[in-house]
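**Q** what's the 3D shape of this:
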Amino acid sequence: MDSANLSRRSLLALGGAGVLACAAASTPMAAADPTAAMSGDPWARLVAGNARFAAGLPAHPRQDPAYRRSLVAGQQPFACVLGCADSRVPAELLFDQGLGDLFTVRAVGEVLDDAVVGSIEYAVEHLGVRLVVVIGHSGCGAVKAAVELVHGTSEVTGSVSTVARAIEATVRATPEQPDFLAACVRNQASRVAEELPRRSSLLHDADIVPAVYDLASGLVRRH
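**A** All right, here's what the predicted structure looks like:
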């Protein structure tokens, strides 16, 4: 191999390395984890993450193998999210959060029972979580079943009837309006948020926030 060819190849190799170095230098650090410098306000972190998700620009933070291994010793979630079991409403995706960020509890229609309340108590009492978000979602089938039960337009059978009847009080307390189902979804989240501290004295000091996720826009709105 002659020295001219070697020099040209060396130059190309150096040029390639230079391009990679420039590309790396031009990549903002925030692109790797935009929540790293986020304020300590847990709701602000959720809002920022949801904005990324809704815009189609999720960061998928804290999901690499090294971070996963760092959680073996324990967890320190910054928020607890009680959401519907609907497959379209996974809290970690909606809020663009990573492993160990959210303590997630899911129940159809956000219906409370002892296991659900106990799970939230654990997050607050033992993990030090201060923010609890109760999140309903547009077009909720459980709330719709309760609406149909109250209006007498459908018969609910089996164990599903237990869920519908647990939401019945919300439906009956909601005034009739053009988008009645949406109003019932909002009221169900609010009713559950209000009921949690009544069900457990351990939750009296927690910040419990009702919210609704819109399936179409991807946005979560506080109510």
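**Q** okay, and residue 196 sits in which element?
**A** Assessed by DSSP states H and E, residue 196 sits inside helix 180-199.
**Q** contacts for that helix next, please.
**A** Contact with helix 180-199 is made by 82, 109-112, 117, 120, 132, 134-140, 143-144, 146-147, 167, 169-171, 173-175, 177, 203-204, 206, 208-212, 223, as judged by C-beta atoms under 8 Å, 6 or more residues apart in numbering. The way it works is simple: take the backbone N, C-alpha and C, and place the C-beta from them, glycine included.
**Q** quick one: the next helix or strand after that helix to helix 180-199, angle?
**A** Per DSSP H and E, helix 180-199 leads on to strand 207-213 as the next helix or strand towards the C-terminus. Relative orientation of strand 207-213 versus helix 180-199 (axes from the mean of the first three to the mean of the last three C-alpha atoms, to 10 degrees): 160 degrees.
**Q** hey, where'd the strands end up in the protein?
**A** 79-83, 102-106, 131-137, 207-213, 220-222 (DSSP state E).
**Q** what comes up buried for the first one?
**A** Pointing back at strand 79-83 there. 79, 80, 81, 82, 83 (16 or more other C-beta atoms under 10 Å).
**Q** now the angle from that strand to strand 207-213?
**A** With the same axes, to 10 degrees defining the directions, strand 79-83 sits at 50 degrees from strand 207-213.
**Q** picking that back up, got TSV for the strands of the chain, with distance to residue 48 too?
**A** As requested, these are exported to TSV (distance: least, C-beta to C-beta, whole Å):
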stretch	distance to residue 48
strand 79-83	13
strand 102-106	14
strand 131-137	14
strand 207-213	15
strand 220-222	11
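**Q** output the lowest mean pLDDT helix or strand found in this structure.
**A** Ranking every helix and strand in the chain by mean pLDDT, DSSP states H and E puts helix 3-26 at the bottom, with a mean of 36.
**Q** thinking again about what came up before, can you redo the strands of the chain as CSV with mean pLDDT?
**A** Output for the strands of the chain, formatted as CSV (pLDDT from 0 to 100):
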stretch, mean pLDDT
strand 79-83, 98
strand 102-106, 98
strand 131-137, 98
strand 207-213, 98
strand 220-222, 97
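**Q** out of everything not next to it in sequence, what's closest to residue 139?
**A** With C-beta to C-beta, 6 or more residues apart in numbering as the criterion, residue 139 has its nearest non-adjacent residue at 6.0 Å, and that residue is residue 215.
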